[in-house]
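Engineer: next comes the sequence, and after it the predicted model I'd like to discuss.
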Amino acid sequence: MTWALARDLPHHVGIIMDGNGRWATLRGEQREAGHKAGSAAVRRVVRAARRLGIGALTLYAFSEQNWGRPGGEVDALMGLLEEFLRSERGEILENGIRLVGIGDLSRLPEHVRHALDPLARDSEANRGMTLALALSYGAREEIAEVARKLALDAKEGRLDPRQIDANVIAARMPSLSVGEPDLILRTGGEQRLSNFLLYGAANAELVFSEKLWPDFDEADLFEAIHVYQQRMKSQVP
Ligand code: FPP
């Protein structure tokens, strides 16, 4: 199956990993159990994407809005993030993966930063797949931050405001440092972007899966990429 997927492979895939809570509720378990199973799905999907030759994978791991969830759930998610970063560190470095965090990282607890920052630094020069974790991320907030910096540069004479165009904005957007997303995939049955990669999504193919994130596996990723490739085939250049 893998060779058949090699043509028209999307370079940058973004994933909205939704359905952890419902997965747990369906089993009569706490939402935290769904996030734990969701972490296992993250490991599976990162491996599958790397094997496939995807250039960049951006995972919506914690949104700006997720800070509004009950404290216990936020703590559980932060614990899982730290655990993921520590347990995958070896594999990430061995496989030449570059790990980056995007979003308002200053809001993350120290224990997460202590795992994230050294891994981002140590993997910075890697040229294999880029794994971007969107953490405390919101696309509108990202756009606002770029606007703020552009305004400041213009005010302080470092930038001529007449030069600002769509490319100048894109070049300053951390979520687009790996290129625009070619494919944005959302699991869990909902069909919306929920403040994920809004600026970069301008030309992205959107694929929605009914599968709840903890059930999502390699075959589901292949299927979504196959849908993307079929759409590419029928596109008029
Ligand atoms: C949505 O499920 C998912 C999240 C809020 C966060 C995603 C987190 C993980 C997959 C686990 C930790 C991440 C890493 C990178 C190790 P939901 O709770 O909104 O699901 P629901 O819509 O069914 O309630």
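Structural biologist: Looks like it came in fine. Numbering: from 1, shown residues only.

Engineer: which residues of the protein fall in strands?
Structural biologist: 12-16, 56-63, 98-102, 130-137, 183-186, 205-208 (DSSP state E).

Engineer: which helices and strands does the last one pack with?
Structural biologist: Which is strand 205-208. strand 183-186, helix 218-233 (3 or more C-beta pairs under 8 Å, 6 or more residues apart in numbering; DSSP states H and E). The C-beta positions use only the backbone N, C-alpha and C, and glycine is treated the same way.

Engineer: contacts for it next, please.
Structural biologist: With C-beta atoms under 8 Å, 6 or more residues apart in numbering as the contact definition, strand 205-208 has outside contacts at 10, 182-187, 189-191, 193, 224, 227-228, 231-232.

Engineer: sorry, back to before: out of the strands of the chain, flag the one nearest the ligand.
Structural biologist: strand 56-63 (4.0 Å; C-beta to the nearest ligand atom).

Engineer: alpha carbons of that closest one, as PDB, please.
Structural biologist: Extracted in PDB, the C-alpha atoms of strand 56-63 (Å, rounded to 0.1, in the frame of the first residue of the first chain):
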ATOM      1  CA  ALA A  56       5.800  18.100   8.300                       C
ATOM      2  CA  LEU A  57       3.100  17.100  10.700                       C
ATOM      3  CA  THR A  58       1.400  19.700  12.800                       C
ATOM      4  CA  LEU A  59      -0.700  18.300  15.600                       C
ATOM      5  CA  TYR A  60      -3.300  20.400  17.500                       C
ATOM      6  CA  ALA A  61      -2.400  19.100  20.900                       C
ATOM      7  CA  PHE A  62      -3.700  21.900  23.100                       C
ATOM      8  CA  SER A  63      -5.700  24.900  22.000                       C
END
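
Engineer: does any bit of the lengthiest helix in the chain sit next to the ligand?
Structural biologist: Ordering each helix of the chain by length in residues (DSSP state H) puts helix 71-94 first. Yes - using C-beta under 6 Å from any ligand atom, we find that helix 71-94 touches the ligand at 77, 80, 81, 84.

Engineer: just send the strands of the chain back as JSON lines, with distance to the ligand and mean pLDDT too.
Structural biologist: Conversion of the strands of the chain to JSON lines gives the following (distance: least, C-beta to the nearest ligand atom, whole Å; pLDDT from 0 to 100):
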{"stretch": "strand 12-16", "distance to the ligand": "8", "mean pLDDT": "98"}
{"stretch": "strand 56-63", "distance to the ligand": "4", "mean pLDDT": "98"}
{"stretch": "strand 98-102", "distance to the ligand": "10", "mean pLDDT": "98"}
{"stretch": "strand 130-137", "distance to the ligand": "6", "mean pLDDT": "98"}
{"stretch": "strand 183-186", "distance to the ligand": "10", "mean pLDDT": "98"}
{"stretch": "strand 205-208", "distance to the ligand": "13", "mean pLDDT": "98"}
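
Engineer: and the residue of this structure nearest the ligand?
Structural biologist: residue 21 (2.5 Å).

Engineer: related to what we said a few turns ago, buried members of the contacts of strand 205-208 into PyMOL, please.
Structural biologist: Here is the PyMOL command that selects only those of those that count as buried (16 or more other C-beta atoms under 10 Å):
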select buried, resi 10+182+183+184+185+186+187+193+224+227+228
